[in-house]
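[1] here's a sequence, model it:
(2 chains)
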Amino acid sequence: MELFETWGLTLIVFLPLAGALLLGLLPKENELALKTVALLASLGAFVLSLALISQFDFSGGTYNSYQFEVDETWIGAINAQYHLGVDGISLPMLVLSTFVMVLAVIYSWNHWEEPKNPKAFLILMMILATGMNGTFVALDLVLFFIFFEVVLLPMYFMIGIWGDRTPRKIPGFSREVETRLYASIKFFLFTLFGSAFMLLGFLALYFKSGEVSELGIRTFDIVELTKLGGLGAFTGNFASLVFGAMFLGFAVKVPMWPFHTWLPDAHTAAPTVGSVLLAAILLKLGSYGFIRISLPILPEEAANWAPAIAILAVIGIIYGSLACLAQTDMKRLIAFSSVGHMGFVMLGIATMTDIGINAAIIGMVAHGLITGLLFFLAGSMSHRYHTREMSRLGGNIKLMPVMGGILAFTAMASLGLPGLAGFWGEFMSLVGSYNPLDGLSLGVFRTAMVLGAIGTVLTAGYMLWMLQQVNLGEPSAEWESKEFHDVDRFELAAWVPLIILIVVIGFYPKVIFDATTDTVTSLVNTVFNAEAVASLGSGG
Amino acid sequence: MTSFFTDTAGIILILPFVAFLLIMAFGKRMKWQGAEIAIGALAINTVWATVLFVQNMTEGVLAKTTFEIARIGSDLVFELGWVVDGLSIMMFFLVNVVGLLVFIYAVGYMHGDVRVPWFFAAFSLFAGSMLVLVGAPNLIQLIIGWEGVGLASYLLIGFYWEDLDNVRAGNKAFLVNKVADVGLILGAIIVALAVGSFDFGAINVAAVEHLEALSSVAVVGGLLLFLGAMGKSAQFPLHIWLPDAMAGPTPVSALMHAATMVTAGIYLMARTFPLFQNLAEDARPWMVAIGAITLFAMGLLALVADDIKKVLAYSTVSQLGYMMTAVAAGGYTAGLFHLFTHAFFKALLFLGAGSVIHAVHSNNMSDMGGLRKQMPITYWTFLIGSLSLAGIIPLAGFWSKDEILVTLGHEGYTVVMWIAIAGAFVTAFYMTRVAALTFHGTYKGHGHPHESPRVMTVPLVLLAIPSAIAGIFSIPGVSLPGIGNFSEWLAVREVAMGDHHGEAIQWALAASGIIAALAGIALGWMIFGRDRETQQARDSFGVPVLYPLLRNKYYMDDLANGVVGATMGPVARFVNWTNTYIIDALVNSVGLLTKGLGSFVYGVLDQRGVDGVVHGLSAAADGAGSALRKMQTGRVQQYAASFVGGVLALIIVFVFVT
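    Residues are numbered from 1 along each chain as shown, chains lettered A, B, ... in the order given. Next up, the predicted model:
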């Protein structure tokens, strides 16, 4: 057990990478061996994260205290530490990440997109897993940054190599460009653009920490920086510049309006598993960053930015939903729906209340499960129909009853039907917006609440519209003579766990909140407490 | 008091969902295609509900069971569970009894139809969601049941989804309700945060005690909740979904219009009655006005519809207007008693209509006529339902409508009271028209219609009984020996419910109601009693403007479609356009400009940012023949290595800087 205490997190993070190395050694032809290794590596990480839950102390989580901590010297010269740990906020995200990865491997079992090459694809997936798991447990800004960026590369290649090859006319380009090329480069550059600023912010914090800490030691340590931040060490222009820089990094990743345009392209072009992982996990790296880094280290500045974040979030909700109504491509519609859903997550965070931040976390988990499932479905359907144009589809539920049924279920979950997972994030971020943190503008947040609620109507609108076009009505003559295979067992094996979790979280959200609520409450009470910040905060 | 049945009342909420899952799993392989499971679940439920109903009559039943499903910090708790009190027991009884009869009827009606297992599964979901709603101890569970009802109605309205018109009707129902739900959700948030709890008991106690935090938001919160109620209970102008909802199979309409779905809004108002009674007084005149418009204007629409189900649908909207008016005016018992009697006779009328439709294979009354000879059971039961709805003494509908008139008079809404009496005239008139066009005159359809099988007629008879005699439970001033009366049953709540109810029959008012109804019947019979001219000629009543106005439903659907159609499409396309041609164009031009700049000052610039841009965009601009296509996994490793190298280089730079 003691071994698990110290090595558990490291194993969860690096087991997939070890898997990737092993995959590299295996011959390309032995597909079964490759798949088995990938499955075992991802399953290992998942089982270990379950073990983590069983060992996790759920009683009275306190903010800025972590479990299963490892803190070793890493790059001594810059005082960067190999510092890992989980708390109630990161635990659900970590488990989500390891869980979805297992399902992605299972789904991949018999779904290979051109140009196939399972070996390369699985290696990329495993690297991705290490990056994602690592981001959720890193407690050092350099480490966090590296994991955060490690994720970029495999996704870039997934989109660029296995992506959609349809040529597209893109404004500003003289020639038609293959969708995957444009999308992958855009994804890479856009995110990198944000990360560059984020890194600047991290460095600024590092240098500043030397000036404000008692011992004058510079640190990248999130725990240390959070302590300093809680004492009001970072204020004024410095804080607002740093927050802005980190905001760019995280907001692009979320993505928040107007930094979202990489997302529909990347999602639409990506291979199925790529879209699933992108939607389920990658987007959460940004919102997680806000909760883990921006808010606690720069609480006062976060309060200054909160109304702006809320406004952008609400624009995202309305704008994303309206854009959905204009889509003709099913996958692109689902992609745009993420803009709206992540808007609710960011609205929750912007309220800076325990309700809002809990809403954001359960919203992230729910979006991961639901939109992940939607992308699985979109992938499997376009695999069968060889088109994603909704005008050509129709009557899907007649041709493939099980697939159609699952699609209808998932669409209902996505539109936030109470009793399913998606409801809590939306509902509670509206609850949080009614009474945001003391001192935040009630006018802004209550307007956001009303607009957000109207956004749920639009969400229902485009989801029903999608079902009408894709699932219902008579199938068009085009498909009459064609044989359709309803869902196969690998698809079921990947999807049924998601469906069960969507229902369980819907009726018993305690499974998430038991982990998060104490930690979040202590964060809000100790760090965002306006008086506490003001009375203690004189550093800088 | 509590008993075995109160302790286990939760099964009423759970069994229909068990039935849903079982039918989905095994329905296809069963003899009756899953109907036996659905009926079995509701039969057990009916036993429970009936026992509770009787217990509540004799001694009053009050119990609540909850368990926590989430807790946020110290102040916000979410719970599920069930509350057993006068109000929920009445609804349990209604939903299960009417539901059971409709389910049995549906075995005959749906025989040989497509997807029978799916029908009974979705039907169970429908009843189950309503039971979750009415058994809810708090606003959260009410919202869950509320949306569940919405989902099930969407599934059932669009049951024949091969035809996209039916799908659109389902979408319309769902979306109109979703608009109203914005009110429900926001109202729930505002009220619950003021009280500090979503629990109905806590909210009602706070309302009775005039809690300052609640009273300051009560009007806004109350009106928002009312907006939610307007959607489900089809109040003007959000009624537009209900007539279209006839696209579903007739048993669905029967249940939807009687006990399930449309009563949810009235139920919500009754559940939070103290809030409206004590704190939201300023909101009440508005709500009464909406109810009054609904009861009168929507009743008129029933005058000209040819589809028998549409007539009944508009009749439901109008009757819901009566209930809403009553509850809003302060008549807790009056509104709920009308809900109670209406559930029986409206279910009866819909099932009767279904029996006729089943026989003549058409919804249109122009294809019917003279059916009283071929379908005597359907005819006589339909007649009882019609007379009860028309408010003819001593049938159930008379007593409940009379109670509403008394309440309106007592609360000082005299004008509205007279509108309600005029509405009674309209009601009697259109029901006479329906009965005459369907069962009298000569048969205008095809084939040889005959009486429906017993599985359909027995439920008709069983519904005709309470439609006739249920009024006995609420005769003004009468408390039945040993069991009391409806008002006393419904008063059993966590917070005792007080409202005015008459000590004796007000004969003048009762007579006005009866005269209005008789006049309606007489006029209706004069015009429609015998086939003298075409139905359409008779429907126009010789009034030039009225007929087109009513036929086109006051043009409200056109308006709604026009506004939504004219705005949403273009707005959505505009938003998408800005995405491509403004935000994205900006992104692309930044990229392309950077590339240009990069090739100009090649080698001088910052390594990370622009190098990437240049490299990436040259690849993109080179288009089809780009490097990416040739990229193999070997390159992946190269890139990974150079990437990690770059990061390390950065780190080293900062080490030296420090």
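[2] let me see the ranges of the strands in chain A.
    Secondary structure of chain A by DSSP state E: the strands cover A:67-75, A:80-86, A:167-168, A:177-178.
[3] turn the ones you listed into CSV, columns for mean neighbour count.
    Backbone N, C-alpha and C define where each C-beta goes, glycine included. Listed next are these as CSV, based on neighbours: other C-beta atoms under 10 Å in any protein chain shown:
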stretch, mean neighbour count
strand A:67-75, 16
strand A:80-86, 23
strand A:167-168, 16
strand A:177-178, 22
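[4] make a markdown table out of those and add mean pLDDT and distance to B:Y430.
    Output for the strands of chain A, formatted as a markdown table (pLDDT from 0 to 100; distance: least, C-beta to C-beta, whole Å):
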| stretch | mean pLDDT | distance to B:Y430 |
| --- | --- | --- |
| strand A:67-75 | 90 | 70 |
| strand A:80-86 | 93 | 67 |
| strand A:167-168 | 84 | 58 |
| strand A:177-178 | 84 | 64 |
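[5] correct me if wrong: A:F136 contacts A:I291.
    No: using C-beta atoms under 8 Å, A:F136 and A:I291 do not qualify as a contacting pair, with a distance of 11.0 Å.
[6] thinking again about what came up before, redo the strands of chain A as TSV? Include distance to B:G170.
    Conversion of these to TSV gives the following (distance: least, C-beta to C-beta, whole Å):
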stretch	distance to B:G170
strand A:67-75	49
strand A:80-86	45
strand A:167-168	35
strand A:177-178	40
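[7] more neighbours: A:F136 and A:I291, which one.
    A count of neighbours by other C-beta atoms under 10 Å in any protein chain shown puts A:F136 above the other of A:F136 and A:I291, at 29 against 24.
[8] can you check the pLDDT for the more buried one?
    Predicted confidence (pLDDT) at A:F136: the value is 96.
[9] what residues does it make contact with?
    When contacts are counted by C-beta atoms under 8 Å, 6 or more residues apart in numbering or on different chains, A:F136 touches A:V86, A:S90, A:M93, A:L94, A:S97, A:Y288.
[10] go again using 7 Å as the cut-off
    Under the criterion of C-beta atoms under 7 Å, 6 or more residues apart in numbering or on different chains, the contact partners of A:F136 comprise A:S90, A:M93, A:L94, A:S97, A:Y288.
[11] find the nearest non-adjacent residue to the third one, please.
    Going back to what we said before, that points to A:L94. The shortest distance from A:L94 to any non-neighbouring residue, by C-beta to C-beta, 6 or more residues apart in numbering or on different chains, is to A:F136 (4.5 Å).
[12] relative to B:Y267, how far out is the one you found?
    Plainly put, A:F136 is 45 Å away from B:Y267 if you go by C-beta to C-beta, to the nearest Å.
[13] and for B:L549?
    The gap separating B:L549 from B:Y267 is 33 Å, by C-beta to C-beta.
[14] higher neighbour count, those two?
    A count of neighbours by other C-beta under 10 Å puts B:Y267 above the other of B:L549 and B:Y267, at 28 against 15.
[15] packing partners of whatever helix or strand that one lives in?
    Taking DSSP states H and E as the definition, one finds B:Y267 inside helix B:263-271. With contacts defined as 3 or more C-beta pairs under 7 Å, 6 or more residues apart in numbering or on different chains; DSSP states H and E, the secondary structure elements packing on helix B:263-271 are helix B:86-109, helix B:139-157, helix B:218-232, helix B:308-329, helix B:332-360.
[16] can you rerun that using 8 Å?
    Applying 3 or more C-beta pairs under 8 Å, 6 or more residues apart in numbering or on different chains; DSSP states H and E, one finds that helix B:263-271 contacts helix B:86-109, helix B:116-134, helix B:139-157, helix B:218-232, helix B:308-329, helix B:332-360.
[17] pipe those into JSON lines and attach mean pLDDT per row.
    Below are the helices and strands packed on helix B:263-271 laid out as JSON lines (pLDDT from 0 to 100):
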{"stretch": "helix B:86-109", "mean pLDDT": "92"}
{"stretch": "helix B:116-134", "mean pLDDT": "93"}
{"stretch": "helix B:139-157", "mean pLDDT": "94"}
{"stretch": "helix B:218-232", "mean pLDDT": "93"}
{"stretch": "helix B:308-329", "mean pLDDT": "92"}
{"stretch": "helix B:332-360", "mean pLDDT": "91"}
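[18] nearest to B:D584, of these?
    Among the helices and strands packed on helix B:263-271, the nearest to B:D584 by C-beta to C-beta is helix B:139-157 (35.1 Å).
[19] and the angle for that closest one with helix B:263-271?
    Between the axis of helix B:139-157 and that of helix B:263-271 there is an angle of 160 degrees, by axes from the mean of the first three to the mean of the last three C-alpha atoms, to 10 degrees.
[20] so where is chain B shaky, pLDDT-wise?
    Scanning chain B for pLDDT under 70 picks out the ranges B:1, B:498-502, B:531-544, B:598-658.
[21] which element is the closest residue to B:E494 other than its chain neighbours on?
    Beyond its immediate neighbours in the sequence, the residue positioned closest to B:E494 (C-beta to C-beta, 6+ apart) is B:G201, lying 4.2 Å away. Using DSSP H and E, B:G201 maps to helix B:200-208.
[22] would you mark the buried spots in that helix?
    Taking 16 or more other C-beta atoms under 10 Å in any protein chain shown as the neighbour-count basis, helix B:200-208 is seen to contain the buried residues B:F200, B:G201, B:A202, B:I203, B:N204, B:V205, B:A206, B:A207, B:V208.
[23] and what of stretch B:286-298?
    Neighbour-count burial for stretch B:286-298, counted by 16+ other C-beta under 10 Å, picks out B:M287, B:V288, B:A289, B:I290, B:G291, B:A292, B:I293, B:T294, B:L295, B:F296, B:A297, B:M298.
[24] tell me which residues are up against that stretch.
    Outside stretch B:286-298, the residues within contact range by C-beta under 8 Å, 6+ apart are B:223, B:226, B:230, B:234-236, B:239, B:276, B:314, B:317-326, B:328-329, B:413, B:416, B:419-420, B:422-423, B:426, B:554.
[25] ok, stretch A:99-113 next?
    For stretch A:99-113, with C-beta under 8 Å, 6+ apart as the criterion, the contacting residues are A:16, A:35, A:38-39, A:42-43, A:45-46, A:49, A:118, A:121-122, A:125, A:128-129, A:132, A:162, A:271-273, A:276-277, A:280-281, A:368-369, A:372, A:376, A:379-380, A:383, A:488, A:490-491, A:493-495, A:497-498.
[26] if we go to 6 Å?
    Residues outside stretch A:99-113 that contact it (C-beta atoms under 6 Å, 6 or more residues apart in numbering or on different chains): A:38-39, A:42-43, A:46, A:118, A:129, A:162, A:271, A:273, A:276-277, A:280, A:372, A:490, A:493-494.
[27] check stretch B:183-199 too.
    Counting by C-beta under 6 Å, 6+ apart, the neighbours of stretch B:183-199 from elsewhere in the structure are A:431, A:434, A:453, B:138-140, B:202-203, B:206, B:213-214, B:217, B:221, B:224-225, B:227-228.
[28] how about stretch B:475-492?
    Contacts of stretch B:475-492 (C-beta under 6 Å, 6+ apart): B:56-57, B:60, B:62, B:85-87, B:333, B:336-337, B:473-474, B:497, B:501-505.
[29] before we move on, what about stretch A:517-531?
    Contacts with stretch A:517-531, where a contact means C-beta under 6 Å, 6+ apart, come from A:60-63, A:87-89, A:230, A:296, A:299, A:352, A:354, A:357-358, A:437-439, B:72-73.
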